[in-house]
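Visitor: build me a model from this:
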Amino acid sequence: MSREQSPSKPEPVASLPFVKDSRFQKLDLRSDPERLLLSQIVTHGIITKATWEATSAFGGQELSNAMWALTRRKLVVARPLCGGTTYFRLSKFAASTMSLPPTLAKDLEGDGKARAYARLLFFTLYCPNAVRASEDDLATAIGTCSKGLPQGFFRREDMGTRDWLGFLRVDGHMTGTPMRSARSLRDDVLRMVAFDMVKSKLKQANFGWFWITARQSRADAVMTYFKTLDVRNAPVTVVVMPELVAVLPSKERTI
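Guide: Now for the predicted structure:
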């Protein structure tokens, strides 16, 4: 098992693949910053000011003006995340116009906030070289049996090969017993190694599990249990995100 190092600021980019998505033409977007912000929302489900400023070469004021324009036109909806932080998602109108799943236009509730925020932070600030795996990526990497697998697979452009594949899991029991999370992670490992192509990737060091939680003490406790299980040698990278503490219900933040 390995630990992920503290995140370094990703190299800013001025554009993303989604920017030229033909579906955006239906929304009559007025500027490249608007297209960039909307493309990030489509990619990640939600975005926040901190993540869009860290991953774009456009100026902060330029991006803020673009987001204001998107919300004024009711293409994007702003909602409270935690501690004064706001997240932005697609409006129902925008999702419908672009023929996107209605789930992208729903408010986050309960532990869904922590999961969505954790994934956003992972792909933008903590591991900016990670790219969410598409259905075609999975079909190539795992085979036709990949249909029905949970979301969370990704590629890393810094691994030196397109054969590398990772699976991301957010701790779903951040205030529960450590053993429960350790066993959930074990279930992930056993489910993946049932695929011959994943076994092959593991032998070539081209597959790994990434597990996100909010506190170092929590990570240590869960990994102590995980080391006692029959999959203790699985290549698991632990990512501790202190930002997630504020997303937990107030009565659980000190647990």
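
Visitor: ranges for the strands of the protein?
Guide: For the chain, strands defined by DSSP state E occupy the ranges 2-3, 76-82, 85-90, 130-132, 153-156, 165-170, 207-213, 236-240.

Visitor: for residue 98, find the nearest of the ones you listed.
Guide: In terms of Cβ to Cβ, the element of these nearest to residue 98 is strand 85-90, at 8.0 Å. Yep, even glycine has a C-beta here, placed from its N, CA and C like the rest.

Visitor: buried residues in that closest one?
Guide: 87, 88, 89, 90 (16 or more other Cβ atoms under 10 Å).

Visitor: same for it, what does it pack against?
Guide: When contacts are defined as 3 or more Cβ pairs under 8 Å, 6 or more residues apart in numbering; DSSP states H and E, strand 85-90 packs onto helix 32-44, helix 49-54, helix 60-72, strand 76-82.

Visitor: out of those, flag the one nearest residue 186.
Guide: helix 32-44 (27.9 Å).

Visitor: starting at the chain centroid, how far to that closest one?
Guide: Centre-to-centre, helix 32-44 and its host chain are 15 Å apart (Cα atoms, centre = their mean, to the nearest Å).

Visitor: just stretch 100-107 next, same as before
Guide: Taking Cα atoms, centre = their mean, the mean C-alpha location of stretch 100-107 is offset from the chain mean by 16 Å.

Visitor: same question, stretch 66-77
Guide: Put simply, stretch 66-77 sits 23 Å off its chain's centre (Cα atoms, centre = their mean).

Visitor: over to stretch 227-244?
Guide: Using Cα atoms, centre = their mean, the offset of stretch 227-244 from its chain centre is 17 Å.

Visitor: now swap in stretch 194-212 and tell me
Guide: Distance of stretch 194-212 from its chain centroid, counting by Cα atoms, centre = their mean, is 19 Å.

Visitor: which of the residues in it are buried?
Guide: Buried positions in stretch 194-212, judged by neighbour count with 16+ other Cβ under 10 Å: 195, 197, 198, 201, 202, 206, 207, 208, 209, 210, 211, 212.

Visitor: for stretch 175-189, buried residues please.
Guide: By neighbour count on 16+ other Cβ under 10 Å, the buried set for stretch 175-189 is 175, 178, 179, 181, 182, 183, 184, 185, 186, 188, 189.

Visitor: okay, the third one: pLDDT?
Guide: The per-residue pLDDT reported for residue 179 equals 93.
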